[in-house]
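Peer 1: Next comes the sequence, and after it the predicted model I'd like to discuss.
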Amino acid sequence: MKKLIFFLILFSAFILPAQNINVTEHSLKNGMKILFVEDHTVPSICYFVYFKAGGKNERPGITGISHLFEHMMFNGSAKYKPTEFDRLLEENGGYSNGSTWNDFTNYWEEFNSDKLELVLDLESDRMKSLKLDKDNLEQERYIVMEERRLRVDNYPENKQEEELYAHAFAAHPYQFPVVGWMGDLENIKLDDAKNYFKTYYAPNNAVVILTGDFDTKKAIKLFEKYFGKIPAQKPPVKVNNAEPQQNGEKRIELKRDVQLSSFLIGYKSVSISDPEHYALDLLSEILSGGQSSRLVKTLVNDKQLAVEVWTSQDEFEHPGLFKIYVQARQGEELKEIEENVYDILNDIIEDGVTDNELEKVKNKKIRELISYFKTNQSTGFRLGYFHTLTGDYKNAFQLAEIYGAVTKEQIKEAAKKILAKDQRTVVTLLQSGK
């Protein structure tokens with residue numbers, strides 16, 4: 001009873017702040033959507049913009065172009081010279097950053113609340129007149145290529161994950177690495193960049209989230225002033241989920257200069273909008289979330305076959321992967337460890353999970369959810385994230401209820417459906433020469 005009461009307290013602690021968040025929606029005539037969340041707790045504002053422009057929106061020949069733009073967006077526009085964007089922000093107590101993922105690219109700034117008009121001027125100027133020339137492209141192309149060498153080509157575990165997606169997906173563009181293939185990065189043309197920017201960085205392909213210390217009515221007038229005249233563009237072609245059913249296990253062997261061998265398993269899974277996603281996310285916690293989780297306890301602690309284990313359920317707009325990673329202890333055989341993993345999965349498929357396991361991971365998940373709306377930045381990130389991936393930011397407010405309703409039977413059924421041999425791809429990472 002005490003544990004149940006604890007869960008209900010956590011549940012209420014998340015639901016009440018989420019319900020008290022007052023989101024004002026506004027759309028410009030050019031199609032740009034803006035979400036306003038006033039919070040006068042501290043004199044600062046966070047500006048987030050999400051563009052539906054990620055690895056999923058690319059094609060062979062221009063893979064990595066979304067990430068390339070994440071770099072080029074800070075290199076000047078018609079009104080502001082290169083490096084001036086960050087300089088002006090920093091001089092006024094702010095900072096900026098950006099990230100690229102499979103389904104989106106986002107940018108954000110956090111700054112003093114009296115600098116909102118400056119930030120909107122900066123952001124609108126690069127949306128309508130980003131500097132796109134040969135020098136800018138070549139400079140950032142070199143930087144991104146070096147980033148790829150450092151983070152993928154010379155990082156065996158990241159290369160292992162890249163190989164997993166490249167082989168697991170036969171038709172869907174999730175097979176492309178977000179950082180891009182080196183051959184494509186070397187050959188992206190200036191016209192490719194200009195066409196991509198015109199299509200994907202248009203106001204009608206963006207959602208902006210403004211959180212913090214501002215007056216919404218005044219902010220709307222400023223958005224109309226700075227963004228209202230930027231013309232909409234023809235909407236991007238919608239990415240179709242053409243991935244066929246996988247009907248057999250795929251195995252890939254990768255050799256690198258590593259001290260310890262490992263394997264990474266990817267099962268074809270579901271999208272973030274599928275109800276089974278949340279059962280699988282809790283299953284991931286049951287498998288690897290802490291010392292008492294099934295895989296960690298068995299493989300790392302009890303049998304001492306492995307030194308590292310993690311699992312994850314992809315949060316993608318289209319169906320992604322359910323992943324299991326195991327790094328073997330020195331001298332242990334991958335085959336034996338892999339068989340142990342399948343034994344543990346089969347136990348769940350046949351007998352399900354326990355009441356205690358489910359209660360524990362639900363409590364942990366609710367504690368995580370509480371932090372989603374604690375700061376201007378985390379609020380802006382979550383609202384934009386769910387609006388971009390699910391089509392409605394309000395879905396972010398339903399998570400505690402959704403997780404709380406997941407049953408043992410749903411986890412068992414999801415495991416049976418997803419964790420099938422014919423739907424998995426396995427990438428083993430071995431020491432060179434073995």
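Peer 2: Now that the structure is in, tell me what you want to look at.

Peer 1: Verify the stated contact: G55 with Q175.
Peer 2: No. Using C-beta atoms under 8 Å, G55 is not in contact with Q175, being 9.1 Å away. All C-beta spots, glycine's among them, are computed from the backbone N, C-alpha and C.

Peer 1: Give me the pLDDT value at the most centrally placed residue in the chain.
Peer 2: By C-alpha atoms, centre = their mean, the mean C-alpha position of the chain lies nearest to W101, the distance being 5.5 Å. W101 carries a pLDDT value of 97.

Peer 1: so it makes contact with K56?
Peer 2: No. Shown here, W101 and K56 do not form a contact pair, counting by C-beta under 8 Å, at 9.0 Å.

Peer 1: what helix or strand does F381 sit in?
Peer 2: helix 376-390 (DSSP states H and E).

Peer 1: now for the following helix or strand past that helix, which elements pack on it?
Peer 2: For helix 376-390, the following helix or strand on the C-terminal side (DSSP H and E) is helix 399-405. Other elements packing on helix 399-405 under the criterion 3 or more C-beta pairs under 8 Å, 6 or more residues apart in numbering; DSSP states H and E are helix 2-20, helix 276-288, helix 355-370.

Peer 1: Report the angle between the last one and helix 376-390.
Peer 2: Our comparison of helix 355-370 with helix 376-390, counting by axes from the mean of the first three to the mean of the last three C-alpha atoms, to 10 degrees, yields an angle of 110 degrees.

Peer 1: which stretches of this protein form strands?
Peer 2: Under the criterion DSSP state E, the chain contains strands at 23-27, 33-38, 44-51, 95-100, 105-112, 206-212, 250-256, 262-268, 306-313, 321-328, 424-431.

Peer 1: Can I get stretch 157-171 as CSV, trimmed to CA atoms?
Peer 2: Output of stretch 157-171 as CSV, limited to C-alpha atoms (Å, rounded to 0.1, in the frame of the first residue of the first chain):
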residue,chain,number,x,y,z
GLU,A,157,30.8,1.6,-30.9
ASN,A,158,29.2,4.5,-32.9
LYS,A,159,30.3,2.8,-36.1
GLN,A,160,28.6,-0.4,-34.8
GLU,A,161,25.4,1.5,-34.4
GLU,A,162,25.6,3.1,-37.8
GLU,A,163,26.0,-0.4,-39.3
LEU,A,164,23.0,-1.6,-37.4
TYR,A,165,20.7,1.0,-39.0
ALA,A,166,22.3,0.7,-42.4
HIS,A,167,21.5,-3.1,-42.5
ALA,A,168,18.3,-3.2,-40.4
PHE,A,169,16.4,-0.9,-42.8
ALA,A,170,16.0,-1.9,-46.4
ALA,A,171,13.8,0.9,-47.7
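
Peer 1: Could you pull out the buried residues of that stretch?
Peer 2: 157-169 (16 or more other C-beta atoms under 10 Å).

Peer 1: follow-up on the earlier one: just send the strands of the chain back as JSON lines, with mean neighbour count and distance to D274 too.
Peer 2: Listed next are these as JSON lines, based on neighbours: other C-beta atoms under 10 Å; distance: least, C-beta to C-beta, whole Å:
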{"stretch": "strand 23-27", "mean neighbour count": "13", "distance to D274": "25"}
{"stretch": "strand 33-38", "mean neighbour count": "20", "distance to D274": "24"}
{"stretch": "strand 44-51", "mean neighbour count": "24", "distance to D274": "21"}
{"stretch": "strand 95-100", "mean neighbour count": "16", "distance to D274": "24"}
{"stretch": "strand 105-112", "mean neighbour count": "22", "distance to D274": "23"}
{"stretch": "strand 206-212", "mean neighbour count": "26", "distance to D274": "22"}
{"stretch": "strand 250-256", "mean neighbour count": "15", "distance to D274": "23"}
{"stretch": "strand 262-268", "mean neighbour count": "23", "distance to D274": "12"}
{"stretch": "strand 306-313", "mean neighbour count": "20", "distance to D274": "11"}
{"stretch": "strand 321-328", "mean neighbour count": "24", "distance to D274": "12"}
{"stretch": "strand 424-431", "mean neighbour count": "20", "distance to D274": "19"}
